[in-house]
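J.: Show me the folded form of this:
(2 chains)
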Amino acid sequence: MNCTEVQELLSAYFDGELSPELHQQVEQHLEDCSTCSMELDGFGRLSQLASESTVSPPSAELWQRIESGLDQDDSTPPASRHAILSYSTTTWNSRRWTTLAALVLVSVTAAGFGYRWMFPSHEHHQFIAVFGEYLDRFKSDPHDAQAFLLSKYPNQLVRPEEAVDRVGYRPVVADGLPDGYSLVSTHVMKMPCCTCVQCLCQRADGTTLAIFEHDEDEPEWFGKRPAVKVICQSKQCALVELPNSMAASWKSGERLVTVIGAQDVGEVDKLVAWFSRIPKTGTL
Amino acid sequence: MTSNRTSHEQDSLCTAELSADVLAGCCAGDRGAQKSLYDRCQAQVYCLMVRLVGVHNAEDLTQQVFLQVFRKLHQFAQESRFETWLYRLATNEALQFLRKERRWRFQPLLVDPMSQKPEENEGHDRRDLLEHALLRLDPELRSVFVLKELESLSYREIAEAMEIPEGTVGSRLNRARRELQQHLTELGWEA
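T.: Presented below is the predicted three-dimensional model:
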């Protein structure tokens, strides 16, 4: 055997997965070849490092979250089954805020918000264009932006608790909003990518924020706009800079939450914490 | 308390013998049976997820895996071991997640730049290095390495879990080990 042949078999040799004949042939080569022997030693050192690896156990609340999802399954028809899931939260101290700002600065990348598209490319481009205009309008007049989006896609104004009949899960906003926010409207909106629950909310200062909750896990709402990824409340969040504000998206259980018009990372963190709270009940 | 999943000793917690009664109870929606299965397997699934998707996403993915387990358990044909079926389901969930993540094209930061003093960063723990190096690996390579080195699966079991030919396992492990050593070296690992 030559070095090329041996190196192709080196992992299988190291792991004891070769036949006795092949094992012997590799062994003979290794006796005379320092290059392959060194590579094998490297595998051994790596294995030693892996053997030192330890993992802390998951949080005690994990089963509670799973049970909530199972309760939701039990009370939801299989065709529209989506678990209500929630997560524990952690508190960010002031230094973490500074850190987060630094992370945003150092990790900016030109990646899109991008997920794979599940519908034809012409619809994809059209949707990106519509949503792009929605984002641009949102900056100067969120209500005009809302009217524009509603004019583009079928929708229905609902009470938050009514949304479950249309999307198959109980939207988080059905249990209220974080302190300092009031609900302006809730729509179930059928967009090309998914049917989502969209809430327009108002802050105490009268400014507006839009929250989309959707179960489609492959959205691409932001085209080529640059995104950054940060950790908020121990969850990965993608942030997209908008004129004078930002959009944020994060996975919440089996669904995605996307916020348009967040003022800063601190507000995103607050919303992630709120969306991640453990529900009072797991049933509808 | 921490877990080290380098031997099959803990596997026995999960698989040794999940009785037919427990499995049947889980299929019937019996919470007690489901909790029993969860208690036996949660450490194994959570450890796997920490290694595959990182600690920040591990609980979410573990949660999804168990929901899928209970939803799909009636499909489990007892021709294969429950453990193999569980690994396949868990690995699929992780790979789906990672393939989506990959499209974001972000590099994990090795060190939180504000939370540690520079001198503290220098002595980065060897185990942290492995975790960071793993996250730099392609998800398919990471999975095969984790299933072999940290979960101690055989090539046949890895092939079944990842639904790839058994002959592919060795070649992927070769690549995984070589690339991992390179990433570790870049991160300052001194073997």
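J.: Which parts of the top helix by length along chain A count as buried, going by neighbours?
T.: What stands out as the longest helix in chain A, according to DSSP state H, is helix A:121-140. By neighbour count on 16 or more other C-beta atoms under 10 Å in any protein chain shown, the buried set for helix A:121-140 is A:124, A:127-128, A:130-131, A:134-135, A:137-138. C-beta coordinates here come from the backbone N, C-alpha and C atoms, glycine included.
J.: For it, name the packing helices and strands.
T.: helix A:142-152, strand A:235-242, strand A:245-252, strand A:255-262 (3 or more C-beta pairs under 8 Å, 6 or more residues apart in numbering or on different chains; DSSP states H and E).
J.: can you do 7 Å?
T.: helix A:142-152, strand A:255-262 (3 or more C-beta pairs under 7 Å, 6 or more residues apart in numbering or on different chains; DSSP states H and E).
J.: what about A:Gly180, neighbour count?
T.: 12 (other C-beta atoms under 10 Å in any protein chain shown).
J.: Quick check, it in contact with A:Arg203.
T.: Yes: using C-beta atoms under 7 Å, A:Gly180 is in contact with A:Arg203, at 6.2 Å.
J.: which stretches of chain B form helices?
T.: B:11-15, B:20-27, B:31-53, B:55-72, B:82-102, B:118-122, B:126-136, B:139-145, B:155-162, B:166-186.
J.: Any part of the longest one near chain A?
T.: Yes: against chain A, helix B:31-53 shows contacts by C-beta under 7 Å from any C-beta of the partner chain at B:31, B:34-35, B:38, B:42-43, B:46-47, B:50.
J.: Need the pLDDT of the nearest residue to B:Gln34 once chain neighbours are set aside.
T.: The spatially closest residue to B:Gln34, leaving aside those adjacent along the chain, is B:Cys26, at 5.1 Å (C-beta to C-beta, 6 or more residues apart in numbering or on different chains). Here, the pLDDT recorded for B:Cys26 equals 85.
J.: A:Glu216 too?
T.: pLDDT, read off for A:Glu216, is 63.
J.: Ok, B:Val111 next?
T.: 40.
J.: isn't A:Val230 right next to A:Met246, touching?
T.: No: contact between A:Val230 and A:Met246 fails when scored by C-beta under 7 Å: they sit 10.8 Å apart.
J.: who touches both of these two?
T.: A:Leu239 (C-beta atoms under 7 Å, 6 or more residues apart in numbering or on different chains).
J.: which element is A:Pro178 on?
T.: For A:Pro178, there is no enclosing helix or strand under DSSP states H and E.
J.: swap in A:Pro58?
T.: Counting by DSSP H and E, A:Pro58 is found in no helix or strand.
J.: Measure how buried it is and give me the count.
T.: 20.
J.: lowest-confidence helix or strand of chain B?
T.: Every helix and strand in chain B was compared by mean pLDDT, DSSP states H and E; the lowest is helix B:118-122, with a mean of 41.
J.: For the helix or strand hosting A:Glu67, which helices and strands make contact with it?
T.: Using DSSP H and E, A:Glu67 sits in helix A:62-74. Applying 3+ C-beta pairs under 7 Å, 6+ apart, we find helix A:62-74 packed against helix B:31-53, helix B:55-72.
J.: Give me the buried stretch members for it, please.
T.: Neighbour count says helix A:62-74 has A:62-63, A:65-73 buried, by 16+ other C-beta under 10 Å.
J.: so which one among those residues has the lowest pLDDT?
T.: Lowest pLDDT among the buried residues of helix A:62-74: A:Asp73, 66.
J.: So for chain B, the centremost residue is which one?
T.: When chain B is reduced to its mean C-alpha position, the closest residue under C-alpha atoms, centre = their mean turns out to be B:Leu48, at 2.3 Å.
J.: what stretches of the chain score poorly on pLDDT?
T.: Since you didn't name a chain, this refers to chain A. A:73-123, A:216-220, A:278-284 (pLDDT under 70).
J.: Can you look at chain B instead?
T.: B:1-18, B:77-79, B:100-127, B:191.
J.: Quick one: the helices in chain A, in order.
T.: Using DSSP H, helices in chain A cover A:3-14, A:20-32, A:34-51, A:62-74, A:94-106, A:121-140, A:142-152, A:163-167, A:265-275.
J.: export those to a markdown table and tack on distance to A:Lys224?
T.: Below are these laid out as a markdown table (distance: least, C-beta to C-beta, whole Å):
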| stretch | distance to A:Lys224 |
| --- | --- |
| helix A:3-14 | 40 |
| helix A:20-32 | 50 |
| helix A:34-51 | 39 |
| helix A:62-74 | 35 |
| helix A:94-106 | 19 |
| helix A:121-140 | 9 |
| helix A:142-152 | 20 |
| helix A:163-167 | 29 |
| helix A:265-275 | 21 |
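J.: Brilliant, that's me finished.
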